[in-house]
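Q: I'd like to go over a predicted model; first the sequence, then the structure.
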Amino acid sequence: MISLKKIKQVIHGFVKFRPLLSELVKRDLKVRYRHSVLGMIWTVLNPLLSMIVLTIVFSNMFRMNIDNFPLYALIGNIVFCYNSESTTQSMNAIIWNSSLIKKVYIPKYLFPLSNVMSGLVNFGFSFIAMIIVMLFTGAPFYPTFITVWIPLVYLTLFAFGLSLILCSINVFFRDMQHLYTVFTTAWMYLSGVFYTIDIIPKEIRGIVEFNPMYQYISFFRTVIMDGVFPDLSHNLICIAWSLGMIIAGLLVFYKTQDKFILHI
């Protein structure tokens, strides 16, 4: 189990190596857009272009009768992409930094954490795209908009916990990165990114509702589009998934990290 002493060590290490974490995040962002002409502008353009495609396909061809479908699809897309891109990048965090790990002591969890933090920066730029769509479509800005940081904290904790598990497994089982690509595709279709849960047969609707990404996406949509803060039960579900994943991630990571050096 994760002891109180271990938690204090993690917090102390985070504070001590915070400047290094900042440099790792900057490096991740530079590497991602190193050969791109538009650079980080793509973090705004990508969700906008994806929204246009989703709107054409699902709002028109499949007759999705959802109020302000462009905003509905965009929120689902940027929330899901934040988690999937962060965890996918984090999967190789230990392997890609093997030379640094072999030379000096650095808390190894900083590497997947830096990928999640760089994903958070990208999410911030994608959020700009969402505000542009809100202005363009005339969507109201409800007071609950300022609470959007709450589901973002839930999602970030979840993504970090999952990243710890994935990067630990990938050190020993490199095929994990290929399997995860297939998994995220199926995960997206079960997360309500571009549809409402009403179209799902009641027999399998519980599977979608149990999906943590569906819960997080619904939380974002509720505070942004409906102007309502989710009830206690919705918050507790999101908290349970976030804390459960971060605890599981730390357990797996600390149980396996001493063996990383033998496989990288």
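A: Structure's in. What do you need?
Q: mind listing what Gln89 touches?
A: 28, 115, 118-119 (C-beta atoms under 8 Å, 6 or more residues apart in numbering). For the C-beta atoms, the positions are set from N, CA and C on the backbone; glycine is no exception.
Q: Make TSV from these and add neighbour count to it.
A: Below are the contacts of Gln89 laid out as TSV (neighbours: other C-beta atoms under 10 Å):
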residue	neighbour count
Asp28	23
Asn115	26
Ser118	23
Gly119	28
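Q: For those residues, give me CSV that also has distance to Ser86, pLDDT and secondary structure.
A: As requested, these are exported to CSV (distance: C-beta to C-beta, whole Å; pLDDT from 0 to 100; DSSP: H, G, I helix; E, B strand; the rest coil):
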residue, distance to Ser86, pLDDT, secondary structure
Asp28, 10, 76, helix
Asn115, 6, 91, helix
Ser118, 8, 90, helix
Gly119, 3, 90, helix
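Q: With distance to Phe160 as added columns, please give these in JSON lines.
A: Formatted as JSON lines, the contacts of Gln89 follow (distance: C-beta to C-beta, whole Å):
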{"residue": "Asp28", "distance to Phe160": "14"}
{"residue": "Asn115", "distance to Phe160": "9"}
{"residue": "Ser118", "distance to Phe160": "12"}
{"residue": "Gly119", "distance to Phe160": "10"}
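Q: between the residues you listed, which is closest to Ile261?
A: Asn115 (20.2 Å; C-beta to C-beta).
Q: Can you give me the distance of the closest one to Ile199?
A: Distance of Asn115 to Ile199, computed by C-beta to C-beta, to the nearest Å: 34 Å.
Q: helix, strand or coil for Leu155?
A: helix (DSSP: H, G, I helix; E, B strand; the rest coil).
Q: got it, and Lys108?
A: Under three-state DSSP, the three-state class of Lys108 is coil.
Q: If I look at it, what pLDDT would I see?
A: On the pLDDT scale, Lys108 is placed at 88.
Q: What does the residue lying closest to it once chain neighbours are set aside show for phi and psi?
A: Distances taken as C-beta to C-beta, 6 or more residues apart in numbering place Gln257 nearest to Lys108, at 5.3 Å, with adjacent residues excluded. Note on Gln257: its backbone torsions stand at phi -60, psi -30 [degrees, to the nearest 10].
Q: Once you drop chain neighbours, what's closest to Thr196?
A: Using C-beta to C-beta, 6+ apart, the nearest residue to Thr196 is Ile66, at 6.3 Å.
Q: That neighbour against Ile197, yeah?
A: No: applying C-beta atoms under 8 Å as the test, Ile66 and Ile197 come out as separate, 11.6 Å apart.
Q: burial count for Pro70?
A: Applying other C-beta atoms under 10 Å, we find 20 residues neighbouring Pro70.
Q: Likewise for Ile237?
A: Ile237 has 19 neighbouring residues, counting by other C-beta under 10 Å.
Q: model confidence over the helix or strand that it is a member of, on average?
A: According to DSSP states H and E, Ile237 maps onto helix 232-256. Averaging pLDDT along helix 232-256 gives 94.
Q: List the buried residues in that helix.
A: 235, 237-238, 241-242, 245-246, 249-254, 256 (16 or more other C-beta atoms under 10 Å).
Q: Can you tell me which of those residues lies closest to Phe183?
A: Checking these one by one against Phe183 (C-beta to C-beta), the nearest turns out to be Met245, at 15.1 Å.
Q: show me what contacts the nearest residue to Met245 once chain neighbours are set aside?
A: Leaving aside its chain neighbours, Met245 sits nearest to Gly161 (3.4 Å; criterion: C-beta to C-beta, 6+ apart). Each residue near Gly161 by C-beta under 8 Å, 6+ apart is listed here: 242, 244-250.
Q: let's go with 6 Å and repeat that
A: Shown in contact with Gly161 (C-beta atoms under 6 Å, 6 or more residues apart in numbering): 245-246, 249.
Q: Kindly report the same for Cys167.
A: 90-91, 93-94, 112.
Q: Alright, I will stop here.
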